[in-house]
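**Q** return a 3D structure for these sequence lines:
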Amino acid sequence: MHRRFAFLVVAVLAAQGCGRAENSLLLLDQLPQVASITFLGNRAISDGTLKQLMTLREGAWWNPFQEHRFRPAQLTTDLNAILTYYMRNGYLKAQIVDSQVRESKGKVQVVITVDEGPPVLIDRVSILDLHALDPETVLGKLALGPGKPMDPYRLQEDRRLLENLLADAGYWEAVVDPSVQFFGERALVFYRVREGDPVRLGDLTVTVTGTARLKENVLRRELLVKEGELLRRRQLEKSQIRLLQSGFFADARWDTSGLDTLSRTLDVNFRVRERRLHWWEAGVGLSSEGQLRVSGEWGSRSFLGSGARLAVNSKTNFDLTGRLPTLLDDHRTEIILNLRRLFGTSWEGQPNVFYLHDEEIVANTTADYSQDFLGVGMNARLRFGDLRNQLVFSLEQQWVSNHADSTAQASDIQLSRGDYVQRLLTGWVERDTRNSLFNPTRGSFHDVLLQVSGGALGGQSDFFKGTGGAIRFLGLPAGPAVIGGRLRLGYIWPPAGDPDPNGQEIEAVERVPTQDRLFLGGANTVRGYQQDELNGLDPSPAPGESQAGGGLAELLASLELRAPLVWRLGLVGFLDAGNVWQDPKGIQWADVIPHGEREHVDPEDLRYTYGLGFRFGTPVGPVRFDYAWKWNLPQGDSGRRSGWHVAIGQAF
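**A** Coordinates of the predicted model:
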């Protein structure tokens, strides 16, 4: 009886709960839609900027996914956001005079009246009683400055910045008191500093959780602070980054305690959580270029307890389009040993050995060939700045073996070389200030690479290569959209050439090994073209003309507008431009101007493509779906006019 009664009570409550849930959905559906949002009285800040601050949105036909139901509580929050924005731009007396909601036929019109008041600008910023640092240098780092709007939030940010700068100099007890004096619409900002005394590191302890298999010296070598030395906050932060970048730890944190006022020392404790010592992973992927990729990796984060990281990885690509005579496209297996402190210095060492098999076809022909590479090398890397910047030198020797039929050998003299040795010295530098690796909204990335083959190094191929690029991201002031731009240049200086055995002059591009030439086209360069389709060759070659694909010079430029839509979905519009040239001396400014008529397009003209794409955010980066159209095509180009590109990660 009791069980039946209990079951009846549960059933009734469940029914009531379902009813309430259904009624809640009905109430949500019955909320009126926002037909329009109108601002009155705003002169300094545009309607578009103010609307972007609000969560309430007007209905838009082009974005049906966006929520535009009216909620009174949300309007209150949006009004506070608008006042905060005014205050951060110097309008300290701004007010919301009135906010009216006019409802008609299930839709509302929101009218917001603003009294902006006069802006308050900063006349002067002064730092008082600062002796440990140069006041003029510090003033240049502050967000507030003469002529800028008075922003109370940035005032506190600058206070924290000053205290952190003093902590970087060892003054952990420093206190900064900001104050502001107003004279009408002008403001004087003062920061009064109480420095205290510099502090040294007392006891440095490390607390480890996890497998606890690493030796303590492996952990401590990543720390840039030493007991008895001046304790600098920035060095602690860099130590934390080094611990995480080492790959040994899933988490690393530090805290300070136990300030000794007599000895002026501060104790620091690092708390780290180890990752598993060994790992293995595998993956399968499919790209829009008609390739199936199978990959796998095994590694040890501390090989034989030495603290050196060992990894063995393998990647195989299969051609699903029938472009190649075999299903196998390419395969690479590599063994890498990472030495965190090379000879006790801040440089990382990375000895490696690899094997590569690559199947290719000769451009504009049915001839095919394959190449095998066996290489050994040594990389030395130095991280600097915030440790996202790096300088790398690499010395490598490759044993190259070509397997080409007579047709392929006739098309490219480099393919007639059966086996040869190549020695390469490469140096490159990267500077990265992007605020995100997956979806940057501001910042930049710059890189320069210089490579020498042969010469004093020996080997059987000689050339000099230089490439460089710049990427920049800017957020639009009126919304969450982001503009990204990319520019990349490359040039190869081939060796002086001798005639072939028949006395014929060898083309400059044919003096450079096939695998080292420049190519463009594909999902990450000039979209709309297939992978490496831009190879410097005329699509309609004259009889007997060389078919050695690849260029000695390249130019690549891209422009993207990225905007979020809803949830993890984003929309991108893009414009790509690029080409490679086998004879750089023939490049002219006229080649940069796009021509719509195909009869006016030269094969050496800069190729333009444009398109739209979608981005779907995932933990490993956005999944990218881009559709691109070719703008200018030369006569005789029978390739596709447009096409899809699917990949993981942004194009740049």
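
**Q** output the below-cut-off pLDDT ranges for this protein.
**A** Counting by pLDDT under 70, the ranges of the chain that qualify are 1-29, 60-67, 211-212, 478, 498-504, 543-544.

**Q** what does the domain assignment say about it?
**A** Using automatic domain parsing, the domain ranges for the chain come out as 1-30, 31-115, 121-194, 200-274, 339-648.

**Q** right, and the ones you listed - which one's nearest Thr333?
**A** Shortest distance between Thr333 and the domains of the chain, using C-beta to C-beta, is found for domain 339-648: 5.1 Å. No exception for glycine: its C-beta is placed from N, CA and C like everyone else's.

**Q** quick one: Arg160 is in a helix?
**A** Yes: assessed by DSSP: H, G, I helix; E, B strand; the rest coil, Arg160 belongs to a helix.

**Q** residue contacts, it?
**A** With contacts taken as C-beta atoms under 8 Å, 6 or more residues apart in numbering, Arg160 has no neighbouring residues.

**Q** roughly how far does it sit from Ala143?
**A** Here Arg160 is placed at a distance of 11 Å from Ala143 (C-beta to C-beta, to the nearest Å).

**Q** what of Thr261?
**A** Counting by C-beta to C-beta, the gap from Thr261 to Ala143 is 33 Å.

**Q** likewise Gln531?
**A** To Ala143, Gln531 is 45 Å away according to C-beta to C-beta.

**Q** of the two, who's got more company?
**A** Taking neighbours as other C-beta atoms under 10 Å, Gln531 and Ala143 compare with Gln531 leading, 19 against 12.

**Q** quick check on the closest residue to Pro149 other than its chain neighbours: phi, psi?
**A** Counting by C-beta to C-beta, 6 or more residues apart in numbering, Gly90 is the residue found nearest to Pro149 once chain neighbours are left out, at 2.8 Å. Reported as degrees, to the nearest 10, the phi and psi values for Gly90 are phi 90, psi 0.

**Q** what's near enough to touch Gly90?
**A** Pro119, Val120, Leu121, Lys148, Pro149, Met150, Asp151 are the contacts of Gly90 under C-beta under 8 Å, 6+ apart.

**Q** who wins on neighbours among the residues you listed?
**A** Met150 leads these on contacts (other C-beta under 10 Å) with 25 neighbours.

**Q** quick one: it and Leu92 touch, right?
**A** Yes: Met150 is within contact range of Leu92, at 6.5 Å (criterion: C-beta atoms under 8 Å).

**Q** which neighbours do those two have in common?
**A** The contact sets of Met150 and Leu92 overlap at Val120 (C-beta under 8 Å, 6+ apart).

**Q** how far away is the closest residue to Ile361 other than its chain neighbours from Thr326?
**A** Nearest non-adjacent residue to Ile361, counting by C-beta to C-beta, 6+ apart: Asp368, 4.7 Å away. According to C-beta to C-beta, Asp368 stands 8 Å off from Thr326.

**Q** what sits in contact with each of those two?
**A** Shared contacts of Asp368 and Thr326 (C-beta under 8 Å, 6+ apart): Glu359.

**Q** which of the two has more residues huddled nearby?
**A** Comparing Asp368 with Thr326 by other C-beta under 10 Å, the one with more neighbours is Asp368, at 18 against 10.

**Q** wait, that one touches Asp358, no?
**A** No: when contacts are counted by C-beta under 8 Å, Asp368 is not listed as touching Asp358 (11.2 Å).

**Q** for the stretch 101-250 of the chain, just list every one of the helices.
**A** Taking DSSP state H, counting those that start in this stretch as the criterion, the stretch 101-250 of the chain carries its helices at 135-139, 152-168, 216-220, 233-245.

**Q** of the ones you listed, which is nearest Asp432?
**A** It's helix 233-245; of the helices of the stretch 101-250 of the chain, that one is closest to Asp432 (C-beta to C-beta) at 13.2 Å.

**Q** next, the angle from that closest one to helix 152-168.
**A** Relative orientation of helix 233-245 versus helix 152-168 (axes from the mean of the first three to the mean of the last three C-alpha atoms, to 10 degrees): 90 degrees.

**Q** packing partners of helix 233-245?
**A** Helices and strands touching helix 233-245, by 3 or more C-beta pairs under 8 Å, 6 or more residues apart in numbering; DSSP states H and E, are helix 152-168, strand 249-260, strand 265-274.

**Q** reformat the ones you listed as JSON lines; add distance to Leu449.
**A** Listed next are the helices and strands packed on helix 233-245 as JSON lines, based on distance: least, C-beta to C-beta, whole Å:
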{"stretch": "helix 152-168", "distance to Leu449": "33"}
{"stretch": "strand 249-260", "distance to Leu449": "31"}
{"stretch": "strand 265-274", "distance to Leu449": "35"}
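
**Q** any idea which of the ones you listed gets closest to Arg381?
**A** Evaluated over the helices and strands packed on helix 233-245, closeness to Arg381 peaks at strand 249-260, with 19.4 Å, by C-beta to C-beta.

**Q** partners of that closest one in the sheet?
**A** According to DSSP bridges, strand 249-260 forms sheet pairs with strand 265-274 (antiparallel).

**Q** contacts for the strand it pairs with, please.
**A** Outside strand 265-274, the residues within contact range by C-beta under 8 Å, 6+ apart are 172, 199-214, 219, 223, 225, 231, 236, 239-240, 243, 248-260.

**Q** and stretch 163-178, by the same measure?
**A** For stretch 163-178, contacts defined as C-beta under 8 Å, 6+ apart pick out 132-133, 138, 141, 155-156, 158-159, 162, 189-200, 230-234, 256, 259, 266.

**Q** try 7 Å this time
**A** With contacts defined as C-beta atoms under 7 Å, 6 or more residues apart in numbering, stretch 163-178 is touched by 132-133, 138, 155, 159, 162, 189, 191-196, 198-199, 230-234, 266.

**Q** start to end distance for it?
**A** Its first and final residues considered, stretch 163-178 spans 11 Å by C-alpha to C-alpha, to the nearest Å.

**Q** flag every buried residue along it.
**A** If you call a residue buried by 16 or more other C-beta atoms under 10 Å, then stretch 163-178 has these buried ones: 163, 165-174, 176, 178.

**Q** turn these into TSV, columns for distance to Leu277.
**A** Shown next, in TSV, are the buried residues of stretch 163-178 (distance: C-beta to C-beta, whole Å):
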residue	distance to Leu277
Glu163	40
Leu165	39
Leu166	40
Ala167	35
Asp168	35
Ala169	39
Gly170	37
Tyr171	40
Trp172	36
Glu173	41
Ala174	42
Val176	45
Pro178	49
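
**Q** just give the number of residues close to Gly184.
**A** Gly184 has 7 neighbouring residues, counting by other C-beta under 10 Å.

**Q** if I look at it, how far off is Val120?
**A** Distance, Gly184 to Val120, using C-beta to C-beta: 9 Å.

**Q** got it, and Val452?
**A** From Val452 across to Val120, the span is 59 Å (C-beta to C-beta).

**Q** next: Ala408.
**A** Distance, Ala408 to Val120, by C-beta to C-beta: 74 Å.

**Q** all strands of the stretch 101-250 of the chain, in order?
**A** 107-115, 121-128, 175-183, 186-194, 200-209, 249-260 (DSSP state E, counting those that start in this stretch).

**Q** other residues contacting the helix or strand hosting His331?
**A** Per DSSP states H and E, His331 falls inside strand 328-338. By C-beta under 7 Å, 6+ apart, the surrounding residues in contact with strand 328-338 are 291, 303, 308-319, 348, 350-359.

**Q** and the buried ones among those residues, selectable in ChimeraX?
**A** Applied in ChimeraX, the following selects the buried portion of the contacts of strand 328-338 according to 16+ other C-beta under 10 Å:
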select :291,303,308,309,310,311,313,315,316,317,318,319,348,350,352,354,356,357,358,359
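
**Q** and stretch 471-490, how far apart are its ends?
**A** End-to-end distance of stretch 471-490 (C-alpha to C-alpha): 15 Å.
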